[in-house]
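[1] coordinates only, no sequence provided:
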Ligand code: 3H9
């Protein structure tokens, strides 16, 4: 053994029960030392004549949470996990795996190699490798189908979802649930049963009944292939996982294992794997910010939300879901009741979709939530979130009032999506308590929360923003003050670019198609139709009134909007939505309007092909992302990536725009930007950071690694 995996024998039952404990904090990842330790412990058990059954258990908060992800991409130090787990399964004395916390990936694969499994009720199991661009590479694709059948295995493996202990019991992944919270006690109790009932060694790899039942069922395989392909949206690994699962029905076990290994090594070498593992670690790094080193989060026991429109209602519901009491304040009784209706509509929808029951809905709506038309009702709130109309004067006026009524030490937040938080804070006598909390619509669904730290925001207040994100199960990203913060600022750039491309000759439908094929859930014009074209129109009007310089290529959009075509909500925008359908059909009249504008401006259309569209689209996003980092608006490149992944539909399997840039090569991106300069020198001015990184032979990841917060 080693310090990380220990072997011991219980004094009771004349040493018949052995315990193998994995102790590799924080999550018992099956790195090299764990693998080596497991081999030694298994040998010790095999050689111990008194030990009749072994319990395999994790120390600390969890069973094994998977292979050590940090080892991927580095040379393998033997023994490999498949070798270790096969060896465990081959033991000729029974083993019992006791699961608590999470048994994920290689963790569940280890459990599947034990002959029996017991899970405490709060435990979860799963094979989430697909989220890392991989497949379960230690027998998961061969053993799980043998236990639960190929349909359930396909669901679990290609979704990567966590399966609760009760569901795992129902599916047959575990043999028992234990009501307690001590996995060792649960494992020992099961081991005693093994002794008492003389339960035999039982190897998952030898259970062939379920896979034999579907052998050669090509109809079923093709149906599964079609369903997985539809959900994968350009990601390779779910499809590879499925092929490995199908192979389990065709190949003898060890041949299936060899095939799984080949698939695993293939996926390990894909850019998608690199991108998704970047996203995994970025998810964890993004919460590390300077303010958390010195700041202490303030209490978050009760909240007030100012404004009951779409955003106010969504924010309210997300806090109700987290069990926070919320008082919603509107300017008069009628608006307050409208706000209540907006909240209740979301809650009713939750009941309809089966997310929670009527009693829970009533508890949230009547016990935790109240409305008021008197701003003095914010007096007891720990945090006040203003979600009123996007107008500086209105917001400043509101913050003056909030300042008068909020209790000392309350955190005062604005949900503005682009306005200057310093200016908003200046309307109060306590700018140190003010920050931006930019939620994304629908706020009870979208996971991104931009936490905008203004010049005078106190570290405790920023820390409270991050604590709120955690409480609401959102991903908090620290942003500095600028027009649009991280996300909307970058969005504005590539939406402008999309409008230039249209004006210069490319069809908006071709742009949407290219963006969709890249892996986005929808293209920019489809997104405009969903959000409402009137919003963009109002924004452009504001910017022009503020003296916006630079190219204006949105006349065709203004004309579409002026016809009252605001998108999905009016049944027509860029697309036609017939009979309330959410899938639009291209509209020939839109193309006519665009042609007309081009003709008026004397533009000879030069349509771009898909590759040319995407090179520009990505270059615009990356260039602005680089500026956002250069100016310190985003702490690190990975903060940009996380923002675009969680708030703007950037495909996770591409890692985020700046990871994508690293993988394409910053010199290539910079060369692209320079080559586009002849089209619009101002728009395509390369970010200085990009130039510097290329000069230094560095990339965005160099900056991520250097950052130490
Ligand atoms: C696999 O198993 C492949 C096999 O099929 C085949 C092999 C041949 N490795 O998330 P947290 C770190 S692929 C290394 O904040 P939580 C994490 O970075 C793997 N490190 O805690 C963080 O570090 P830091 C399949 C890992 O309580 C710290 O642990 N398994 C790993 O919110 C705490 O993590 C997965 O994909 C790892 N496997 O959530 C599961 N896991 O403190 C991945 C975590 O320095 N893990 N770390 O920032 C998870 O989903 C969550 O971590 C878990 C705990 C749910 C377990």
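    Arrived safely, thanks for sending. This structure is a prediction, so every number in the text was calculated from the model and none was measured.
[2] contacts only, for the residue in the stretch 451-600 of the chain positioned nearest to the ligand.
    Closest to the ligand within the stretch 451-600 of the chain is residue 470: 9.9 Å, counting by CB to the nearest ligand atom. (Each C-beta comes from the backbone N, C-alpha and C, glycine too.) Applying CB atoms under 8 Å, 6 or more residues apart in numbering to residue 470 gives the contacts 287, 476.
[3] also residue 651?
    233-235, 518-520.
[4] got TSV for those, with secondary structure too?
    Output for the contacts of residue 651, formatted as TSV (DSSP: H, G, I helix; E, B strand; the rest coil):
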residue	secondary structure
233	coil
234	coil
235	coil
518	helix
519	coil
520	coil
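[5] what's the PyMOL line that selects buried ones from those residues?
    A single PyMOL command is used to select the members of these judged buried by 16 or more other CB atoms under 10 Å:
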select buried, resi 235+518+519+520
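[6] between the contacts of residue 651, which sits nearest residue 83?
    Residue 83 lies nearest to residue 235 out of these, by CB to CB, at 28.5 Å.
[7] list the buried residues of the helix or strand of the chain with the lowest mean pLDDT.
    When each helix and strand of the chain is scored by mean pLDDT, DSSP states H and E, helix 533-545 comes last, with a mean of 83. With burial defined by 16+ other CB under 10 Å, the residues of helix 533-545 counted as buried are 533-534, 536-537, 539-540, 543.
[8] which element follows it toward the C-terminus?
    Once the chain leaves helix 533-545, the next helix or strand it forms, by DSSP states H and E, is helix 555-562.
[9] in stretch 5-14, which residues are buried?
    Neighbour-count burial for stretch 5-14 flags 5-7, 9-10, 13 (criterion: 16+ other CB under 10 Å).
[10] which of the residues you listed fall in strands?
    In this view, these that belong to strands under DSSP state E are 5-7, 9.
[11] in the stretch 251-400 of the chain, which spans are strands?
    Remark: strands assigned in the stretch 251-400 of the chain by DSSP state E, counting those that start in this stretch are 303-306, 326-329, 369-372, 383-386.
[12] quick one: mean pLDDT for the third one?
    Going back to what we said before, that points to strand 369-372. Average pLDDT, strand 369-372: 97.
[13] and the gap between residue 8 and residue 19?
    Applying CB to CB, to the nearest Å, the value for residue 8 to residue 19 is 5 Å.
[14] actually residue 146, not the one I wrote
    Remark: distance between residue 146 and residue 19 (CB to CB) = 27 Å.
[15] so where's the chain shaky on pLDDT?
    By pLDDT under 70, the weakly predicted segments of the chain are 1-2.
[16] residue farthest from the centroid of it?
    Largest separation from the mean C-alpha position in the chain: residue 14, at 50.2 Å (CA atoms, centre = their mean).
[17] which ones are touching it?
    Residue 14 neighbours (CB under 8 Å, 6+ apart): residue 50.
[18] make it 10 Å
    50-52 (CB atoms under 10 Å, 6 or more residues apart in numbering).
[19] count the neighbours of the closest residue to the ligand within the stretch 251-400 of the chain for me.
    Proximity of the stretch 251-400 of the chain to the ligand (CB to the nearest ligand atom) peaks at residue 284, 4.0 Å away. Residue 284 has 9 neighbours, counted by other CB atoms under 10 Å.
[20] okay, now the domains of the protein?
    The chain breaks down by automatic domain parsing into domains covering 5-247, 300-481, 507-606.
[21] hmm, back to that, who touches both of residue 8 and residue 19?
    Taking CB under 10 Å, 6+ apart as the criterion, residue 8 and residue 19 both touch 41, 55.
[22] ok, residue 499 touching residue 551?
    Yes: in this structure, residue 499 is within contact of residue 551 by CB atoms under 10 Å, at 8.8 Å.
[23] between these two, who's got more neighbours?
    For residue 499 versus residue 551, neighbours defined as other CB under 10 Å are more numerous around residue 499 (24 against 14).
[24] how many neighbours does the residue lying closest to that one once chain neighbours are set aside have?
    Spatially, and ignoring its direct neighbours in sequence, residue 499 is nearest to residue 553 (4.3 Å; CB to CB, 6 or more residues apart in numbering). Around residue 553 there are 20 other residues, counting by other CB under 10 Å.
[25] from what I can see residue 553 touches residue 505, true?
    No: counting by CB under 10 Å, residue 553 does not reach residue 505; the two are 11.6 Å apart.
[26] okay, and the common contacts of these two?
    Joint contacts of residue 553 and residue 505 (CB under 10 Å, 6+ apart) are residue 603.
[27] and which of the buried residues of stretch 5-14 is nearest to residue 412?
    Of all the buried residues of stretch 5-14, residue 412 sits closest to residue 5, with 51.4 Å by CB to CB.
[28] my guess is that closest one contacts residue 37, does it?
    Yes: contact criterion CB under 10 Å: residue 5 and residue 37 qualify, at 2.7 Å.
[29] which neighbours do these two share?
    The contact lists of residue 5 and residue 37 share 20-24, where a contact means CB under 10 Å, 6+ apart.
[30] can you say which of these are buried?
    Counted by 16+ other CB under 10 Å, the shared contacts of residue 5 and residue 37 give 20-22, 24 as buried.
[31] which one's more surrounded, residue 146 and residue 19?
    Taking other CB under 10 Å, residue 146 and residue 19 do not tie; residue 146 has more neighbours (25 against 22).
[32] just the element for that one, please.
    helix 140-148.
[33] can you list the helices and strands that that helix packs against?
    Judged by 3 or more CB pairs under 10 Å, 6 or more residues apart in numbering; DSSP states H and E, helix 140-148 is in contact with helix 81-90, helix 106-113, helix 150-159, helix 165-171, helix 209-212, helix 237-250, helix 253-268.
[34] can you redo these as JSON lines with mean neighbour count?
    Formatted as JSON lines, the helices and strands packed on helix 140-148 follow (neighbours: other CB atoms under 10 Å):
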{"stretch": "helix 81-90", "mean neighbour count": "20"}
{"stretch": "helix 106-113", "mean neighbour count": "30"}
{"stretch": "helix 150-159", "mean neighbour count": "23"}
{"stretch": "helix 165-171", "mean neighbour count": "18"}
{"stretch": "helix 209-212", "mean neighbour count": "16"}
{"stretch": "helix 237-250", "mean neighbour count": "23"}
{"stretch": "helix 253-268", "mean neighbour count": "18"}
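[35] Throw the ones you listed into TSV and include distance to the ligand, thanks.
    As requested, the helices and strands packed on helix 140-148 are exported to TSV (distance: least, CB to the nearest ligand atom, whole Å):
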stretch	distance to the ligand
helix 81-90	4
helix 106-113	3
helix 150-159	10
helix 165-171	15
helix 209-212	19
helix 237-250	11
helix 253-268	6
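[36] residue 586 contacts residue 509, correct?
    Yes: counting by CB under 10 Å, residue 509 is a contact partner of residue 586 at 4.9 Å.
[37] what's the overlap in contacts for those two?
    By CB under 10 Å, 6+ apart, residue 586 and residue 509 have these common neighbours: 525, 574-575.
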